[in-house]
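**Student:** next one to model:
(one chain, ligands or ions: 1)
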Amino acid sequence: MTVLVIQVNSLRKKNKPVVGVGCASTRDTSAALSAYCASANIPSIMFLPANKISMAQLVQPIANGAFVLSIDTDFDGCMQLIWEVTAELPIYLANSLNSLRLEAQKTAAIEILQQFDWEVPDWVIVLGGNLGNIYAFYKGFHMCKELGLVDRIPRLVCAQAANANPLYLYYKAGWKEFKPVKANTTFASAIQIGDPVSIDRAVYALKNCDGIVEEAMEEELMDAMAQADSTRMFICPHTGVALTALMKLRKSGVNGANDRTVVVSTAHGLKFTQSKIDYHSNDIKDMACRFANPPVSVSADFGSVMDVLKKYLLSKAPKY
Ligand SMILES: N[C@@H](CCOP(=O)(O)O)C(=O)O
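**Tutor:** Predicted coordinates for the structure are as follows:
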């Protein structure tokens, strides 16, 4: 987003008619765009689906002074609208169909290789919603191979929520015919997208790296998130989708125990406290919440506290 806003800033300085920058968003794109536009003093305009984004999620663009339109539709509806509006008004479109976004996002692939000391991991698992990311990762890895920095590229896995899985269905149908879907509500709300703008690019990327598409049911992604958190992480439900993909590929033997696998984690868990609270309170309809860790209520007397503590410690005692 910095690259894109710098470009818009330079266009405006050259008196090009750019009145502002806009995007449709399920949240993170609008948060990043509003922040960088605020620092460059460029008007930013957000098309956000009404009632699908909590106030906690909305607060970033609002606080950064963006012009926020809360529209009675879903992300795909917002995307369609901003597409039409930017054809009429000189608003620069910042969604990931813009190649500046992808050029910048591809540096994540370069960072992975650098951090692995230029040893190529076997797998990289990336979430898929609007599908810019999966293509950008492919582009970054491919560029490093072309430059001779590495001799191969990893196999990419695109992980989707089963409630918003147009790419997964396309892949399962042998890439026969792409059909957009009506995206259903998912805890992985940032990828609740049924008609991704980068579908063709994503398919191109996956075909060229022997890629795979996996999906995660709601219960699977929430369980995966809880399991990851219990190892000291604090991940978002979207990363739970990617971890579910890893678990499924490991279980089916496609991903081997010695394969080096990178799972891309997209957001901090603190953005998703409500879903974590609901999970750990066993308060999600039709979900067993197998890894819930609810607080234990106990009365304020020494005996009761000792009782629950002893029970807990006994359950944790090493079994010899
Ligand atoms: N998850 C995104 C949706 C917009 O996708 P983009 O790839 O066009 O940025 C968001 O955070 O808004």
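
**Student:** okay, CA-based contacts and neighbour counts for the rest of this
**Tutor:** Will do.

**Student:** my read: residue 275 touches residue 189, true?
**Tutor:** No - with contact defined as C-alpha atoms under 8 Å, residue 275 does not count as touching residue 189 (10.8 Å).

**Student:** how about the residues of the stretch 151-300 of the chain by the ligand?
**Tutor:** 190-191 (C-alpha under 6 Å from any ligand atom).

**Student:** which of the residues in the helix or strand of the chain with the lowest mean pLDDT are buried?
**Tutor:** Least confident element among the helices and strands of the chain, by mean pLDDT, DSSP states H and E: helix 55-63 (a mean of 85). Of all the residues in helix 55-63, those buried under the rule 16 or more other C-alpha atoms under 10 Å are 57-58, 60-62.

**Student:** what's the angle between the next helix or strand after that helix and helix 55-63?
**Tutor:** As assigned by DSSP states H and E, the chain's next helix or strand after helix 55-63 is strand 67-71. Strand 67-71 runs at 140 degrees relative to helix 55-63, counting by axes from the mean of the first three to the mean of the last three C-alpha atoms, to 10 degrees.

**Student:** wait, is residue 157 part of a strand?
**Tutor:** Yes - Residue 157 sits within a strand when classified using DSSP: H, G, I helix; E, B strand; the rest coil.

**Student:** how near is it to the ligand?
**Tutor:** Distance of residue 157 to the ligand, computed by C-alpha to the nearest ligand atom, to the nearest Å: 17 Å.

**Student:** who's in contact with that residue?
**Tutor:** Residue 157 sits next to 123-126, 206, 211-214, 245 when contact means C-alpha atoms under 8 Å, 6 or more residues apart in numbering.

**Student:** in what helix or strand does residue 119 lie?
**Tutor:** Counting by DSSP H and E, residue 119 is part of no helix or strand.

**Student:** ditto for the one 5 residues further on
**Tutor:** With elements taken from DSSP H and E, the one containing residue 124 is strand 123-127.

**Student:** neighbouring strands of that strand in the sheet, and parallel or not?
**Tutor:** strand 155-161 (parallel), strand 261-263 (parallel) (DSSP bridges).

**Student:** and the ones you listed as a markdown table, adding mean pLDDT?
**Tutor:** As requested, these are exported to a markdown table (pLDDT from 0 to 100):
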| stretch | mean pLDDT |
| --- | --- |
| strand 155-161 | 98 |
| strand 261-263 | 98 |
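
**Student:** residues in contact with the helix or strand that contains residue 21?
**Tutor:** Under DSSP H and E, the secondary-structure element containing residue 21 is strand 20-24. By C-alpha under 8 Å, 6+ apart, the residues outside strand 20-24 that reach it are 8, 29-30, 37, 42-48, 75, 78-79, 82, 90-95.

**Student:** neighbouring strands - and their directions - for that strand?
**Tutor:** Applying DSSP bridges to the sheet, strand 20-24 is found paired with strand 44-49 (parallel), strand 91-93 (parallel).

**Student:** among the contacts of strand 20-24, which ones are buried?
**Tutor:** Buried members of the contacts of strand 20-24, scored by 16+ other C-alpha under 10 Å, are 8, 29-30, 37, 42-48, 75, 78-79, 82, 91-95.

**Student:** about what we covered before: can you tell me which of the contacts of strand 20-24 are up against the ligand?
**Tutor:** Checking the contacts of strand 20-24 against the ligand (C-alpha under 6 Å from any ligand atom), the matches are 29-30, 95.

**Student:** show me this protein divided up by domain.
**Tutor:** The record's domain split for the chain, according to automatic domain parsing, is 2-95, 101-274.

**Student:** now do the same end-to-end measure for the shortest one.
**Tutor:** The separation between the terminal residues of domain 2-95, taken as C-alpha to C-alpha, to the nearest Å, is 13 Å.

**Student:** now do the last one
**Tutor:** With C-alpha to C-alpha applied, domain 101-274 spans 30 Å between its terminal residues.

**Student:** ok, the residue in the stretch 51-200 of the chain positioned nearest to the ligand to residue 26 distance?
**Tutor:** Using C-alpha to the nearest ligand atom, residue 95 is the residue of the stretch 51-200 of the chain that sits closest to the ligand, at 3.4 Å. Note on residue 95: its distance to residue 26, by C-alpha to C-alpha, is 11 Å.

**Student:** same deal with residue 145?
**Tutor:** 33 Å.

**Student:** got it, and residue 316?
**Tutor:** Counting by C-alpha to C-alpha, the gap from residue 316 to residue 26 is 41 Å.

**Student:** and if you look at residue 13?
**Tutor:** Taken as C-alpha to C-alpha, the span from residue 13 to residue 26 is 30 Å.

**Student:** neighbour count: these two, which is higher?
**Tutor:** Relative neighbour count places residue 26 above the other of residue 13 and residue 26, with 26 against 11, counting by other C-alpha atoms under 10 Å.

**Student:** contacts only, for the more buried one.
**Tutor:** Taking C-alpha under 8 Å, 6+ apart, one finds 48-49, 53, 75, 189-192 in contact with residue 26.

**Student:** likewise residue 11?
**Tutor:** Counted by C-alpha under 8 Å, 6+ apart, residue 11 has contacts 17-18.
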